[in-house]
Each structure stands twice: as C-alpha cells, then as structure tokens.
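[1] Okay, structure incoming, though there's no sequence with it:
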C-alpha cells in the first residue's frame, strides 16, 4: 500500500470577520498518496488556494475557522501547535507560491533565501548550505547557478524567479509539494518548461504533489488525477485521461468547452453563463444549478450526493448514475 500523505474528510474553511462569514471550503474529501499528482481545477474564487493553504495552515489565523479532519503526514493539522507545524513545514511539506515577485523577499539574495531554510531545518553550516543551494539551482536548470546566488529577485526574469521559488520549496527534500498556480504569470513557452521540470523533479524525488490551476490544459500536462472544485466543493474527481475526454459534471464539461485545445482551430468556444455564487449565502441545492443548462427542480432543492459511476470516478450531479 502506498504511503498516504494527505487525508481530508469533510474539511471546511470559513473566514469570519465583522460578524460576516465566507464559506470558502465546504466539506472536501480526498486522499493523496506518495508519488501521486492531484490537480485541483476551477474558476477564481472556487476555494482552490484556500484548500491548499489549509494543508500548511497558512490562511490568516485571526479570521480562519477550520473543521472536519485534515491529516498531513499522519498529523492533525487543525489541532497542531505552532511548534508542530514548524517541524512539518519545509522538511515534510513545502509550497510554491503563485507570484514569485511577491513571495520572494526583495532585500535578500536568492542564495540567502535558499540557504536559510537548509540551515534552519537541517542544521548545516552556511558554507554547506551554499553548496546545496548551488546544487538546487542546477537541478531546476538555472544557468550560471553559482553566480545567481548573489542575485536579488528583481535582477532575474520571471522564469528564473519561478525556478528559484521551486529551489526554495525543494531545499529540505519535502515528501509533499504544494503548487499554487505557479505558471500563471509566465508566457506559454516558459510555462511548459516549468511544468515539464516540475513533473520530472516530482518523479525523480518520488514526492506527492497537489497542483492548483484554473487552466485545463495545464492540468492535463501534469496531473495523475483531477478534482474539479466549485463553490468550495469537489463536484467531480477522476483520472486525468477520463476527465479530459469524457467529463461527467456539467461544470467540468463547461470548462472543457471553454478551453483551447489541439484540433480546436476554427471551432467556437463555449461559455459558462452567469457568475459563481456568493460564498456568504450558498443555496440549499447544487451551487452550479443557476448556471447549468441541465438543471431540474431537484437540483435546486437539495445538494446532490456524490455518485460513483465507475471505480476511481465520482461526480456530484443527479444526472450521473451511481453503480454499486
């Protein structure tokens, strides 16, 4: 049996401020095994990044309320103390953030920012940490790695900054890597380079990875499994090939129809009408129903059950028949 790195059951995340509550994540269930890549896919505001940050408990502590079960490396993240979280962040789980220009500290060199994590968590000397930093920059294919150690973030291109962010995330050899839309700000040619690099490193190190994106094409390049998220819930899950060729949920089909793919030249892209629901006041039924062309009265009355038409696939839709 593979090692289970993440176990989430009915995970909920609410942001409470000034008497108002935003229900960002609304009962998510998933597991992630070592060596597996799960991609969480959905529109902006669907709860993808909040779910990812919850795994390291990085959402603002003063206004975040978490409930349900969330285990990372067998440790209860919701109940963990700050000291316990410190032992997990870096050595076991690490994150690549969306925009390196804001995630990297502008007043420290790239070499310093990579080395400090190694010194802090592995107790190496500054000299040995510097040698490891050079190895990491070479691993992520940064040219003239030794010279780049003394560079500041603003002196690097977007692609090199993202590679430096990946080097920092890998500095303590984590078993679980979280990637929050790490290619969004990059042009297409650099994007595919970063995706290929991440997949190669993930396979080489045997890490588990959770990759967040709104781009179905990116998900198809890097994932083993895809979980489609809408209004804080997973509305469909399945292997990447099946999800890309025969999605079950109307929302998943809408995302696929709105994506430029190979062979789509000359065909009209479809659009999903309307807007996502207000997370402060979610409907009783399917949150996607007001935008769905296949909606019926039962869709509005109650939240559809998660149905499993075949092993490894699930969708939260009344039009999907569940099999024993």
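    Thanks, I have it. Since the structure is predicted, the reported quantities are computational estimates derived from the model, not experimental observations.

[2] okay, now the domains of the protein?
    The chain breaks down into these domains under automatic domain parsing: 4-92+176-270, 99-173.

[3] want to throw those into JSON lines with mean neighbour count and distance to residue 301?
    Yep, even glycine has a C-beta here, placed from its N, CA and C like the rest. Formatted as JSON lines, the domains of the chain follow (neighbours: other CB atoms under 10 Å; distance: least, CB to CB, whole Å):
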{"stretch": "domain 4-92+176-270", "mean neighbour count": "18", "distance to residue 301": "17"}
{"stretch": "domain 99-173", "mean neighbour count": "18", "distance to residue 301": "41"}
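
[4] what sits against the closest residue to residue 293 other than its chain neighbours?
    Spatial nearest neighbour of residue 293, chain neighbours left out: residue 250 (7.1 Å); criterion: CB to CB, 6 or more residues apart in numbering. Shown in contact with residue 250 (CB atoms under 8 Å, 6 or more residues apart in numbering): 288, 292-294, 317, 319.

[5] and if we set it to 10 Å?
    For residue 250, the contacting residues are 235-236, 272, 286, 288-289, 291-295, 299, 315, 317, 319, by CB atoms under 10 Å, 6 or more residues apart in numbering.

[6] of all those residues, which comes closest to residue 128?
    Nearest to residue 128 out of the contacts of residue 250 is residue 236 (CB to CB; 46.8 Å).

[7] Output the below-cut-off pLDDT ranges for the stretch 151-300 of the chain.
    Scanning the stretch 151-300 of the chain for pLDDT under 70 picks out 185, 260-264.

[8] swap the cut-off to 90 and go again
    By pLDDT under 90, the low-scoring segments of the stretch 151-300 of the chain are 157-159, 162-163, 172, 181-198, 214-221, 256-271, 293.

[9] Got the phi and psi for the residue nearest to residue 259 when sequence neighbours are not counted?
    Using CB to CB, 6+ apart and skipping residues adjacent in sequence, the residue nearest residue 259 is residue 216, 4.4 Å away. Phi and psi for residue 216, reported as degrees, to the nearest 10, are phi -60, psi -30.

[10] Could you tell me which residues make contact with residue 216?
    By CB under 10 Å, 6+ apart, the contact set of residue 216 is 39, 41, 226, 228, 243-244, 247, 252, 255-261.

[11] Just those residues: which are in helices?
    243-244, 252, 255-257 (DSSP state H).

[12] Farthest-apart pair in those residues, please.
    Among the ones in helices among the contacts of residue 216, 243 and 257 lie farthest apart (CB to CB), at 13.7 Å.

[13] distance of residue 187 from residue 157?
    10 Å (CB to CB, to the nearest Å).

[14] can I assume residue 164 is in contact with residue 151?
    Yes. With contact defined as CB atoms under 10 Å, residue 164 reaches residue 151; the gap is 8.6 Å.

[15] check contacts around residue 149.
    Per CB under 10 Å, 6+ apart, neighbours of residue 149: 109-115, 130, 133-134, 137, 142, 164.

[16] Which one of those residues is nearest to residue 90?
    Among the contacts of residue 149, and counting by CB to CB, the member closest to residue 90 is residue 114, at 11.9 Å.

[17] Could you find the closest non-adjacent residue to that closest one?
    In space, residue 114 is closest to residue 133, 4.1 Å off (CB to CB, 6+ apart).

[18] again with residue 115
    residue 129 (4.0 Å).

[19] Likewise for residue 105?
    Per CB to CB, 6+ apart, closest to residue 105 is residue 113, 6.1 Å.

[20] likewise residue 55?
    Leaving aside its sequence neighbours, residue 55 sits nearest to residue 72 (CB to CB, 6+ apart; 5.6 Å).

[21] how far away is the one you found from residue 11?
    11 Å.

[22] Touching both of these two, which residues are there?
    Common neighbours of residue 72 and residue 11 (CB under 10 Å, 6+ apart) are 54-55.

[23] What subset of the contacts of residue 250 is buried?
    235-236, 272, 286, 288-289, 291-292, 295, 299, 315, 317 (16 or more other CB atoms under 10 Å).

[24] Could you save these as CSV and add columns showing distance to residue 93 and secondary structure?
    Compiled in CSV, those are given as follows (distance: CB to CB, whole Å; DSSP: H, G, I helix; E, B strand; the rest coil):
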residue, distance to residue 93, secondary structure
235, 26, strand
236, 26, strand
272, 33, coil
286, 33, coil
288, 31, coil
289, 36, helix
291, 35, helix
292, 36, coil
295, 39, coil
299, 37, helix
315, 29, strand
317, 32, coil
